Each structure stands twice: as structure tokens, then as C-alpha cells.
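S.K.: dropping the sequence and predicted coords here.
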Amino acid sequence: MLNSIRAALPVVLFVVGASHPYTAIAQTDYYNTDTGRPLQIEDAYAVERRAFEIQAAPLRLERARSGVYNWGIEPELAFGILPRTQVEVGFPLAYIDAGVSGRTYGLAGIEMSVLHNLNVETSIPALAIVASTLLPAGGLGPDDAHASLKGIATKTFSWMRFHVNAEYTFGSLADQLPGEADASSGVAEQSRWMGGIAVDRTFPLRSMLVGGEVYARDPLREDEELEWNTGVGIRYQLTPRFNIDGGVGGRLTGDDRGWYATFGSAYAFGLPWSGR
Amino acid sequence: MTRRTSRFAFRAALRAGAMTFSLVAAVGSSAGAQWSTTYEQFYLEAKHNWTFRDSYQAADRLFNAFDYGHAILYEKLWTRPGAPTSVLEEEQYNFLTKKVLVRPPRLPLEEAAIEVRYAQLAPEAKQMFDWAHILHRQIYDVLADERLSQDAKDREVQRLIAYYKSRPELAFSSKPKSMELMQEQPYSLAFREKYPKFNGLIWGYHWLQVGLYEPLMVGKTSSERQTGVRATVARFWQMLDDPPRTLPYQMPMTAAVAPMFTDRYTEAAIIFDNLHSMHDVISDILANPDVPRERKRAEIMRAARLYRDDTSYIMPVAAWRTMAQEMGIENMGGPAVGFLPALPTPTVTRGAVMEHDDQTGKMVGMKTGQMTGAMNHAGMAGMGAGRDSMATMPGMAGMDHSKMSMDSSMMASMTAMHMRMLADSGMRRHMLADTALRRLMREMLPMMPAEHRASLEQMLRDTMSTPARATRRPAPARRAATKPAAKAPAQTAPKADPHAGHAMPPATPAKPPAKPATRTPPPATDPHAGMKMPPKPAPSR
């Protein structure tokens, strides 16, 4: 365990340093949730047009039942390129500590995505579609690019807000990931299907959001069990530009049962010129 | 559950989810009016961003609290239409003034999380407010930035206005709109009449929101600006001392409350007046039970369109400035700088509706409410035309007038008193201008001795045939084209005229025909169709 902590120290230091507001990293606006921050299930809204959101230090620590620790951070940059449309690029970095089996770390691919919000919520829920791809890059990345398509719906009630996500990944790659142990434990885990629901409650006078989720994912590898996951999290706006989030959760079924904790921060800024 | 079964169930659930998603999307597309694609845009990035928040924390936090007040108002009006008045006038008012304003939020609020259902009803209108509030706040930042010279501030404000106007689908017009758009629509006045205290609070908010520009402009040094802002904020608190008496009686107009700001940034001042005016309009639409629920969104959308365009209900800038002065700064909460310790005494009844000449801005009459005597009426031509003083009189509890009787000596004394009063032509004119007094006079005529009756009738005829010393200018052809067909007979049928057959002259001149070309084409159908509007008095111009 001591070795694990020692090995993880550089990652932690990087994360802490990167999460400082002046480093301008992370995703903004506590009300606009994003995958993994802190919940996996996100809302149907894009970042504001002309806004940049930098997620500097979304840290995730997982501990599997086997005792393997996985550290991951995924710096991301999102830009509201068009009305209700954002493009996002992420660089997932993973550090896997399998104890006596060894340690490995590296870039787990490059994620690129486009989220388009179809409508704002009226009596009809807000809907969005996301197209994303995980490009083959880094020692822990896949050998081939994999594309995914996701549908999102958000429905708000006075007392609660609900989000439903459903995602499908094309292609098959089970044995294309480098190393069997790594394949299912990096931050860029791939699943054939993912679907779930999240619920959150807003405390507007405190600029705070508290939520929970349940989702299932069917790993790309045919021989792996269907996984049911659950989690809770909180998002909190610290300043008009800067917010933080944190969450904990667990993998209830599947081959890799365990728990996780996550912490992140986001920073937002806009384009300095007027344009149209 | 076996792995195979669970996968099967999971996939079936996902397929069902996908089908539901597609179905909702398809239904949404066909639903038309309910499919909204408005969107948010980031504020203009600049070095002065959030300067006001950093330098004037207390004032900035109050604005956050104001956001809550606006949002909860719309949410309650929309979601609890039949709720007792006390929900807003007591519960929410007390929560706002004793909790939220006392400990205001440290950050701008996510209003969609407060006005959840209202935001779903009219997301486009919400976006209009959000976009204008961003302009509001960014101008505070510029004026609060001690690093900027006056020239630089001027440039930055112009840049902000240009950025604001780059979204015409959200931007309020920078042409002044007449008060008719706010106060003389079929749904108008519902909110202020039902919720006078909350309405006064909203006007208090608006007073501070425009008024706070003034100490930032007037102060010559950072210290003066700090002191000035503190004083103006303290003045706002003073308005909450004895509500609704101490709250504004009229919508605060930027030109009156913040004249220096208006002189320098006229376009911004006009935008803010239009913004605050539409705030009131939406309150009226939501509060007025005669607007059916299924028509609320359409009415809000219509009002939003009229506040965005540059053609309907517009008036010259000079007239807008004059109108602001004529409405009376003392009725709007008073000036934002250089004020006396005591709040000014309003000169009109709360929520009074003045009529103004759209070309000059001069006040030409009172549509609702009345002057309270603290004002010089001499210059107000046609003042009082068509007003009904009885409408604003409190009921006389316990009195049954039908059972009252007068002996002959008393009747004689009353008649003598009336005759002496009516011998004065000014008094006669005043009485004739008041529909209630006119009605009472007509009712008394049969009870009078014949000789007095004849004499009185002659005097009244003479008065009516003599033009008033100063008469109202006939209103120019205005907005006939864009004016809602709300003045259609079914909705605007005048009240049963108590003077029918008495050959009374019209209270005000009839409106001349509309001037074509200067207005947008008339709507093909009644924009208020479906609204159950009570009959309104005939328009006085």
C-alpha cells in the first residue's frame, strides 16, 4: 500500500497543481454536468456558445476487489463552437498499480467528441446527441479508433432533475487492447452498451448540485460480465468562473467489482473578441 | 439472472430507450411552439470581467438576490395561479427581504433552477432577460474598473452594447417604447393591483439596478464611487422600511433615476427601460386570470417580439426623456445620488397610469389612479380626463346609503352649497372630468328644485361647450398597424355608459387614422384571441 501511495504521489501532485484556478483548467458551471464530473450520466446541454471550459484535473481513483489501484486523470478542453454545440477533446492518462503484477502508466488514447443539444427543455425534455471517438494514442490506448453514439435526455421538475443516457460503441476490439489486466481498468474503458439514469437536486442559493446515478455497461470484451454501477456526487461553484466536483461510487457486479472516488475542477472563459 | 438473460434485458431496455428518445424527438419537432432552440452565449471576455463583484461586493450580491426575486415571482405566478395573495405578498416577500436580501448569494444564480416551470414555458423570454442582465453586469464592471480612463470606459460600453445587439433574437430594442406597451394592454396592471407590495419591491430592484450606475458615474475618485455606491445601496434598504408605502409608486425610468448615465450611454439606458418594462408585462400576463393558461406563452412571445423590434410602440428619445421626468422622480423612489435623508413623497397614487403624448412625452392625463395633490396640476392639460375618483375610494364600511334620508332644510343647504361650488367654472370642469362626480351630479338633478335644476343644466352645457384652457393634443397616428387588435369590440367594449343619451362630449378626441408605412403591418388575426378580457373603458385617445 505504501508503495502504491509513493507511486501515486507524482500523479496527485500534478492533479493538485493542475486544479489551481490560475492554471485555467476544467469544466465550468455547476448546473451543466459533464460525463465523469462527478457522475457518468450527464445532462443534455452543451457549454455556452463562445465559451471554453477546461477540465484540468479530473482525478479518479479506483480500487478493484483484487486490490488493483487505478489512477486516472483526463484533462479536457471543451468549446462552444456553435449554438447548442460543443466540441471536446480529452487526454486520458492512466496509472495502474497491480501490486506484485507491476505498474503501468501512460496515455490511454485521445478522446474527441461533439455534443449537439437539440432543444431546450419545455414540456418536452431537453435532448442531445453525442458522437465521440477514442483515437489510438499512447501506451494504454486502443489499437484502432472506436466511435460511439450517445443519446441524452434531461427532464427537470421543481424538486428534481433527471437525466437518461444511452450509448453504443461500434466495432470490436477486446483483444486489441494492450494487456488483459489493463484492458478493463484504464480510464478509457470501452463498453459496447452503456445506459443509465441520474437524478440531481439543485440548491440554487448555494450554487450547489447533489446527484446520484445508476448505470449499466456491457464491456466490449465478450467474456466480461455486465456491470452495474452506482455513484453519488456533488458540484459546487466556487467563483463565477471556477467550480469543483467530487463523488464516490461502486461497481456492484461484474469481474472488476470495487469502489471509486473522483475529484475535479473546471474553469471557464470566453472568446475575447466580439464577432457575431 | 444469467449473463445472457441480463444482457438481453439490458439491450431490450436500451432499445426501448432509443425508441422513446426518437419518439419524443419526433413529437417535439411536430409540436412546433413547444420545440425551442434558444441557447446561451458566454459574456464578452475582457479584463474588466467581474470587477464590480470584486470591488463592490455588497451591491453585487444584492443583484444576485434580485435574480432570485424575479425568478421566484414568475415561478409562483405560473405554478400557483390560484394561490392566496399572501403567498407572494407575505411568504415570499418576507423570505426575500428578511433572508435572501439580508444574506444574499455570493454568485449569480442559475435561474432555471428556481423558475423551473416558467423557464419551460417561455425559455426564449428567459434568455432575453439573461442576455440583458449580462449587459447590465458587464457595464457595472466597466464603470467600476479603476484602470480604465473615461474614454476607455466609453469604448468598452459601446463594445458591450454592440456585442449585446449581435443577438437580435434576444436583444431588446434600443429605441424607447411608450408606456402604452406596458400599461395599456388588455392584461395590463393585473400584477400591480393584486400584488402591490411585491410589485413595489420589483420596482425597488429596478431602481437600484439602474440607479447604481449613477454613483459610479458621478464619483470622481475611487473613494467617492465607493461612498456613493454605499449610499445608494443604503437608500434601497430605506425603501424597504414600510412597504409598500416606501417603495416606488411608478416604474423607475433610467433617464430620471440615472440622468448622467443616460446622457452618456443613452442606448443602454433605453435597453434597460425596455427590459424592466417587459419584466412588468410578463408579471401582468402571468397574474391576469383573464389570459387563459394556454394563451400565456403566446402573449409572452408577442410581448417579447414587440420589445425587440424597432418599429412598434416607439417614441422619440427626447419624448422618452420628457416622459421620464413627467412621471415624477419622486414616484420612482427618488434620485439615486444627492438625495435628502427622507424618501420623497409620491405625487400619485400607487401604480397610477399616466398617459403621455408619444411625440413629446408630455403627460396628458391619468388613465388609472390619480394625483395626490403634491404636484402642480396647472401644466397638465386635460388632466383628469375620464378618470373615476370613486374607483380609488375605499368603501365606507357599515354605511347603507339607501337608508339615508335628508330633511328639507338639509337638502336646501346641500343644494345651495352645490350651486355655489358649481358657480366656479374651474370646479365645474373638474367635476365633469371625473366620471364619478358626473354620475353623482346627474343622479342629484331630479332631486333639485326645478329652478336650480334648469340653472345647473345650463351651466353644465356652457362648460361643456367651452373648450378647456389647455386641451390635449390629438395623438398622432401611431402604431395602428402593430397595435394589437385587442381593441376589438369583444374585448374592449366600453363599460355601460352612465351618460348614454345625455349628449356628453367625448372625454378625449377620437384617434386619428393610423399613419401607414411607419409601422409594421397589422396582424392578420387578433393577437389576443382567446383571452377573456373584461370590458375596458373606451381608449381615451
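M.R.: Thanks, I have the structure now. Numbering: from 1, shown residues only, chains lettered A, B, ... in the order given.

S.K.: now A:L39, nearest residue through space, not along the chain?
M.R.: Nearest residue to A:L39, sequence neighbours excluded (CB to CB, 6 or more residues apart in numbering or on different chains): A:E213, at 4.6 Å. C-beta coordinates here come from the backbone N, C-alpha and C atoms, glycine included.

S.K.: pairing partners for the one you found in the sheet, please.
M.R.: A:A198, A:G231 (DSSP bridges).

S.K.: next one: the one 5 residues further on
M.R.: Beta-bridge pairing for A:D218 (DSSP bridges): A:W193.

S.K.: burial count for B:R293?
M.R.: B:R293 has 11 neighbours, counted by other CB atoms under 10 Å in any protein chain shown.

S.K.: my guess is it contacts B:P81, does it?
M.R.: Yes - counting by CB atoms under 8 Å, B:R293 does reach B:P81; the two are 7.3 Å apart.

S.K.: tell me where chain A has helices.
M.R.: Here chain A has its helices, by DSSP state H, at A:2-18, A:180-183.

S.K.: mean pLDDT lowest for which of those?
M.R.: Mean pLDDT is lowest for helix A:2-18 out of the helices of chain A, coming in at a mean of 41.

S.K.: element containing the residue nearest to B:V100 when sequence neighbours are not counted, please.
M.R.: In space, and not counting its chain neighbours, B:V100 is closest to B:A65: 4.7 Å by CB to CB, 6+ apart. Using DSSP states H and E, B:A65 sits in helix B:57-79.

S.K.: strands paired with the strand ranked longest in chain B, and their directions?
M.R.: Taking DSSP state E as the criterion, chain B has its longest strand at strand B:363-368. Applying DSSP bridges, strand B:363-368 is found paired with strand B:353-356 (antiparallel).

S.K.: report the buried residues of the strand it pairs with.
M.R.: B:V353, B:M354, B:E355, B:H356 (16 or more other CB atoms under 10 Å in any protein chain shown).

S.K.: doesn't B:Y307 make contact with B:L181?
M.R.: Yes - B:L181 is in contact with B:Y307 according to CB under 8 Å; the separation is 7.4 Å.

S.K.: so what sits against both of the two?
M.R.: Taking CB atoms under 8 Å, 6 or more residues apart in numbering or on different chains as the criterion, B:L181 and B:Y307 both touch B:S277, B:V281.

S.K.: any low-confidence regions in chain B?
M.R.: B:1-33, B:373-541 (pLDDT under 70).

S.K.: count of neighbours near the residue of the stretch 201-350 of chain B found nearest chain A?
M.R.: The minimum distance from the stretch 201-350 of chain B to chain A, using CB to the nearest CB, falls at B:R297 (8.9 Å). When counting by other CB under 10 Å, one arrives at 18 neighbours for B:R297.

S.K.: over to B:W237?
M.R.: Neighbours of B:W237 (other CB under 10 Å): 14.

S.K.: could you measure from it over to B:L62?
M.R.: Look at B:W237 and B:L62: by CB to CB, to the nearest Å, they are 9 Å apart.

S.K.: before we move on, what about A:L82?
M.R.: Plainly put, A:L82 is 35 Å away from B:L62 if you go by CB to CB.

S.K.: next one: B:E90
M.R.: Distance from B:E90 to B:L62, by CB to CB: 22 Å.

S.K.: show me which of the two is the more surrounded one.
M.R.: Neighbours per residue (other CB under 10 Å) separate B:E90 from B:L62, with B:L62 holding more: 21 against 13.

S.K.: was I right to think the more buried one contacts B:T232?
M.R.: No - B:L62 is not in contact with B:T232 according to CB under 8 Å; the separation is 10.6 Å.

S.K.: quick one: common contacting residues for those two?
M.R.: Both B:L62 and B:T232 are in contact with B:L208, where contact means CB under 8 Å, 6+ apart.

S.K.: and the residue positioned nearest the centre of chain A, what does it touch?
M.R.: Centroid check for chain A by CA atoms, centre = their mean gives A:G36 as the closest residue, at 2.6 Å. By CB under 8 Å, 6+ apart, the residues touching A:G36 are A:P58, A:R60, A:E74, A:T262, A:G264.

S.K.: ramachandran angles for it?
M.R.: phi 90, psi -10 (degrees, to the nearest 10).

S.K.: would you mind measuring from it to chain B?
M.R.: Distance from A:G36 to chain B, counting by CB to the nearest CB, to the nearest Å: 20 Å.

S.K.: and that residue, what pLDDT?
M.R.: At A:G36, the predicted lDDT confidence score is 91.

S.K.: correct me, but A:V232 touches A:V248?
M.R.: Yes - counting by CB under 8 Å, A:V232 touches A:V248, with 6.4 Å between them.

S.K.: from A:K150, how far out is B:R297?
M.R.: 31 Å.

S.K.: nope, B:T349 is what I meant
M.R.: Plainly put, B:T349 is 59 Å away from A:K150 if you go by CB to CB.

S.K.: more neighbours: these two, which one.
M.R.: A:K150 (20 against 15).

S.K.: what is that one paired to in the beta sheet?
M.R.: A:V130, A:E167.

S.K.: contact partners for it?
M.R.: Under the criterion of CB under 8 Å, 6+ apart, the neighbours of A:K150 are A:I129, A:V130, A:A131, A:S132, A:N165, A:A166, A:E167, A:Y168, A:M194.

S.K.: quick one: which of those is nearest to chain B?
M.R.: Distance to chain B, by CB to the nearest CB, is smallest for A:A166 among the contacts of A:K150, at 4.7 Å.

S.K.: was I right to think the closest one contacts A:G151?
M.R.: Yes - counting by CB under 8 Å, A:A166 touches A:G151, with 5.2 Å between them.

S.K.: A:L82 reaches A:R49, doesn't it?
M.R.: Yes - taking contacts as CB under 8 Å, A:L82 lies within contact range of A:R49: 6.7 Å.

S.K.: could you identify the most distant pair in the contacts of A:G36?
M.R.: Spanning the widest gap among the contacts of A:G36 are A:E74 and A:T262, at 10.3 Å by CB to CB.

S.K.: any residues in contact with both of those two?
M.R.: Joint contacts of A:E74 and A:T262 (CB under 8 Å, 6+ apart) are A:G36, A:P58, A:R60.

S.K.: just give the nearest non-adjacent residue to the second one, would you?
M.R.: With CB to CB, 6+ apart as the measure, A:G264 is the residue that lies nearest to A:P58, at 3.8 Å, once sequence neighbours are left out.

S.K.: and the residue nearest to A:S132 when sequence neighbours are not counted, how far is that from A:L134?
M.R.: Nearest residue to A:S132, sequence neighbours excluded (CB to CB, 6+ apart): A:S113, at 3.5 Å. Going from A:S113 to A:L134 by CB to CB gives 10 Å.

S.K.: ok, now how distant is A:I110 from chain B?
M.R.: From A:I110 across to chain B, the span is 25 Å (CB to the nearest CB).

S.K.: for that residue, give the beta-bridge partners.
M.R.: A:L135.

S.K.: ok, it - contacts?
M.R.: By CB under 8 Å, 6+ apart, the contact set of A:I110 is A:V89, A:G90, A:F91, A:L134, A:L135, A:A137, A:G138, A:G141.

S.K.: same question for stretch A:58-65, mean pLDDT?
M.R.: Stretch A:58-65 carries an average pLDDT of 91.

S.K.: so for it, what gets flagged as buried?
M.R.: Counting neighbours by 16+ other CB under 10 Å, stretch A:58-65 gives A:P58, A:L59, A:R60, A:L61, A:E62, A:R63, A:A64 as buried.

S.K.: closest to chain B among the residues you listed?
M.R.: Using CB to the nearest CB, these come closest to chain B at A:A64, 19.1 Å.

S.K.: hmm, the closest one is touching A:N70, no?
M.R.: Yes - using CB under 8 Å, A:A64 is in contact with A:N70, at 7.4 Å.

S.K.: give me phi/psi at the closest residue to chain A within the stretch 51-200 of chain B?
M.R.: Residue nearest to chain A within the stretch 51-200 of chain B: B:A113 (4.0 Å; CB to the nearest CB). Main-chain dihedrals, B:A113, degrees, to the nearest 10: phi -90, psi -10.
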